[in-house]
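Student: any chance you could fold what I've pasted below:
(one chain, ligands or ions: 1)
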Amino acid sequence: MDHSIANQVAHKGEIVIVDDLPANLKLLSEILSEAGYKVRSTTDPEQCLKTVQLRQPELIILDVKMPVMNGYELCAEFKKQPLTSHIPIIFISALDNSEDRLKGFNVGGVDFISKPFQHREVLSRVNTHISLYQIQHKLTLQKSELEDRVKERTAELTGTNQKLKGAQRIARLGSWEWHIDSGEMSWSDEMYHILGLEDSIVQPSLDSFIHSVHPQDRLQFEDSFTTAKLNISGFTIEHRIILPNDQVRYLKTIGESLSGPQLSQFCILGTTQDVTEHKLVQEQLEQASSVFENTAEGIMVTDAQRRIISVNPAFTDITGYTEQDAKGQLLEFRYSQLHNKSDYHDVFISLDEAGHWRGEMNNLCKDGSINPELITITAVTDEEQNLTNYILLFSDISTLKKSEQKLEYLAHHDPLTGLANRLLLNDRLQHAISTAAREKRSLAVLFIDLDRFKDVNDSFGHTFGDKILKQVATRLKHELRANDTVARLGGDEFLVLAENMNDRREIEILSQKILSIFNEPFAPDQNEIFVGGSIGISCFPDDGDSPADLIRNADSAMYLAKGDGRFTFRFYTRELTAAATDRLQMETALRKAIDNNELSLNYQPIVDPDSGQAQHIEALLRWHNPYLGQVPPDRFIPLAEATSLILPIGEWVLKKACQDMRQLIDEGHPLKRVSVNISSLQVQRCDLPVLVGRILRETGLSPEHLDLEITETVLMDEPDKVLESLNQLKALGVTLTVDDFGTGYSSLSYLKRFPIDTLKIDQSFVRDIPHDQDDEAIAKAIIAMARSLRLGIIAEGVETQQQRSFLMQEDCERAQGYFYSRPVPFTKLLEYLTDKQTV
Ligand SMILES: Nc1nc2c(ncn2[C@@H]2O[C@H](COP(=O)(O)O[C@H]3[C@@H](O)[C@H](n4cnc5c(=O)[nH]c(N)nc54)O[C@@H]3COP(=O)(O)O)[C@@H](O)[C@H]2O)c(=O)[nH]1
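Tutor: Below you'll find the predicted structure:
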């Protein structure tokens, strides 16, 4: 601290005097003290050097001539020290030459006081230098003060600027200034950030700014600046920019005119803010609002107390309640009697625990109807996890429910008849078995199969067949009790589940009742037709304890009914299972029959009834198995057909018959053809013309020596496909015979479509001739029809002379039967043909 200044209120100034003469010191001190100065004096220069360092006076007066250190040397020392260099020093000297004075000024002195002292001179010089010093000192202080203030303000400004920059950066808000007169523009740092530019590369200008603006917004942007310039006005625009990295951002630019004292100083001050995030949020809000307004789902928003505060238009569309109806109501105000309050209680517990609930509910509409709805409720919380709202979203699922019900119905019902299907039957049967087991009761399963329904389909077509099936279903439902289950298993198979049937007699009565539905003809169109049915019955618990067992056993019993003449019912017995096992054993054996050489052919001659001369022969398959013995074709051929084994077996028959016939021809026997039975599966499943062609080539038999026998029903199954196949066979040169003619439903016009050569009257019409006049009439009609169609005719099953006579009388071309010969092995046939053609 500067003590001289501190004490200046008490005195005019502090002065240090150094003189080796105490008298001088005393005199000067008195003069100056009287004048109001504070005086410190010493005779010792070195001591003075030290004390002045500790406390600086405002003036030092030094005697030039002193013994240890003269005044100039002492002065030079003061001037070296920073604390004392600025203190004015006056020398006291008796010397008055200019050289001495120059020396004094050179070491830093400011003046000289001559000895002896002149009172007035001393005061005048001292006053002058003290004043000068004090003025100078004051100026120095003021300067330093000013400098401090400048520093302070500069620091303040720098701080403010930093804050402004920070604020601009946080707000993504840049500022700019556009000077109209010069066209110059300046940008804040944040402007560069916003535009994605670097201040070291891009000069701020309106052009640079415009260059960043999205081309589609550029015109509007430029217009705003032009208008502002012309009208000295402001503007606010929103526009896009494209950043150097091709990113598009949304900006809001505001300009405000600012005019100086002269028009040339007019400028536009502006801000540009990056509002992209705001814009995106706004867009999201708009989208959310649009979703709320336009979604097909009903939306309710409630407060934390579950009071509805808003609903969307879809809510009104679905429920009929307007916003006014709903506002203020509780979230659950639409609850219907289909739910009890505890259902809602569970919902709210789930909302409390998990924050959401999703499920189906039936809710009331304004018109009193009840809507099935799929509902999602979400609890909304604020940042502090306080519950603020519930949002309930629901969609009307009545159509879905109806579809579900429809699908569920379709999945469990037969689409043609509307009866239960196998799936539903299984369910019901399982349930019925459980109940019957629990209550120790019985139940019956009745498996119904329509008799010869395939023939109906083949003759009248599937549409007709379908109508019959529907009528059968209607009659069954009509005849049975409401709690009996009637099912259609597929095709012409029906099943009745009759519960609580504890008495066999009851089941028999029920079966008779079912059979009675076939007593009346079915007449879906104009055609009336009788269709029969065969019933197989199994009972719980005796015949099985699972749906599969009971159905399978009823099925076996049904086959028994069929085998026993059809149109009847049979109960399941354990022997039937044995029969099924036999069938399985037979199938296993039949699969090995070709490889084990167990198959052979018998031949039966087809003769001229008049002369008895064999014209053709029919190949008839025989199977001899070491364990099963001789198995009749009636037993194994249906099995071969059911298992498709007829395909390899039929091929074997064809080849063997062609080989044998080739031998007979080669040996010169006057036979025209060998007839081979062809199963319907062979016509449908294998490429018969190709197979026949190949076998003829392999065996070298000429095609005209081969006749293929097909049944009437083969013609009716997929007639177009069969026709094409038969035409190809005819093209090979073989002949075709319709076997068992008269047992199917084929008409004359129908037959004309096919390239048939011969009709073979079924033996059932020949068997009772001459006793059955109807059979005679049928046989006659078939012979006449064949003649009118120019078809060959064969009567089979001729066993008696009367039958032969009848055929000769009717001019039947050919006959076949035991009367002429039984089917015989090839060697026997050779004998027959050689030995006058008799067996
Ligand atoms: N797909 C094939 N079917 C074949 C083949 N071989 C035979 N069969 C068919 O098996 C059924 C039974 O045949 P089968 O036991 O051989 O009986 C035939 C004759 O023995 C019998 N017949 C002949 N004359 C008389 C008679 O005077 N009285 C009488 N009670 N029966 C007699 O008729 C059967 C001839 O049948 P058909 O074919 O209708 O001319 C039978 O349906 C055969 O078709 C084969 O290789 N493939």
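Student: mind checking how far the helix or strand containing residue 684 is from the chain centre?
Tutor: Assigned by DSSP states H and E, residue 684 falls within helix 680-685. Centroid separation between helix 680-685 and its chain, computed with C-alpha atoms, centre = their mean, to the nearest Å, is 45 Å.
Student: quick check: mean pLDDT of the helix or strand following it?
Tutor: On the C-terminal side of helix 680-685, the closest following helix or strand by DSSP H and E is helix 688-699. The average pLDDT within helix 688-699 is 96.
Student: and helix 688-699, what does it pack against?
Tutor: Applying 3 or more C-beta pairs under 8 Å, 6 or more residues apart in numbering; DSSP states H and E, one finds that helix 688-699 contacts helix 646-666, strand 706-711, helix 719-732. (C-beta placed from N, C-alpha, C; glycine too.)
Student: for stretch 450-468, which positions count as buried?
Tutor: Judged by neighbour count using 16 or more other C-beta atoms under 10 Å, the buried positions of stretch 450-468 are 450-453, 455-460, 464-465, 467-468.
Student: can I get those residues in JSON lines with secondary structure and distance to the ligand?
Tutor: Below are the buried residues of stretch 450-468 laid out as JSON lines (DSSP: H, G, I helix; E, B strand; the rest coil; distance: C-beta to the nearest ligand atom, whole Å):
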{"residue": "450", "secondary structure": "strand", "distance to the ligand": "22"}
{"residue": "451", "secondary structure": "coil", "distance to the ligand": "19"}
{"residue": "452", "secondary structure": "coil", "distance to the ligand": "16"}
{"residue": "453", "secondary structure": "helix", "distance to the ligand": "20"}
{"residue": "455", "secondary structure": "helix", "distance to the ligand": "16"}
{"residue": "456", "secondary structure": "helix", "distance to the ligand": "21"}
{"residue": "457", "secondary structure": "helix", "distance to the ligand": "21"}
{"residue": "458", "secondary structure": "helix", "distance to the ligand": "17"}
{"residue": "459", "secondary structure": "helix", "distance to the ligand": "20"}
{"residue": "460", "secondary structure": "helix", "distance to the ligand": "24"}
{"residue": "464", "secondary structure": "helix", "distance to the ligand": "27"}
{"residue": "465", "secondary structure": "helix", "distance to the ligand": "25"}
{"residue": "467", "secondary structure": "helix", "distance to the ligand": "31"}
{"residue": "468", "secondary structure": "helix", "distance to the ligand": "27"}
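Student: return the residue of the protein that is most distant from the centre.
Tutor: The outermost residue of the chain relative to its centre, with distances by C-alpha atoms, centre = their mean, is residue 116 at 121.0 Å.
Student: helix, strand, or coil at it?
Tutor: Following DSSP: H, G, I helix; E, B strand; the rest coil, the label given to residue 116 is coil.
Student: which segments of this structure make up each domain?
Tutor: Split into domains by automatic domain parsing, the chain comes to 3-143, 172-280, 326-402, 416-572, 602-834.
Student: go through the ones you listed and name the closest to residue 306.
Tutor: domain 326-402 (4.2 Å; C-beta to C-beta).
Student: distance check, the closest residue to residue 325 other than its chain neighbours against residue 315.
Tutor: Excluding the flanking residues, the one nearest residue 325 by C-beta to C-beta, 6 or more residues apart in numbering is residue 366, at 7.0 Å. For residue 366, the distance to residue 315 equals 11 Å [C-beta to C-beta, to the nearest Å].
Student: up against the ligand, what does the stretch 601-750 of the chain have?
Tutor: Residues of the stretch 601-750 of the chain lying near the ligand by C-beta under 6 Å from any ligand atom: 604, 618, 620-621, 632-634, 637, 653, 677, 679, 709, 739-740.
Student: re earlier: tell me which of residue 366 and residue 315 has more neighbours.
Tutor: residue 315 (23 against 13; other C-beta atoms under 10 Å).
Student: follow-up on the earlier one: now do the helix holding residue 684: which elements does it pack against?
Tutor: Against helix 680-685 (3+ C-beta pairs under 8 Å, 6+ apart) you get helix 646-666, strand 706-711, helix 712-716, helix 719-732.
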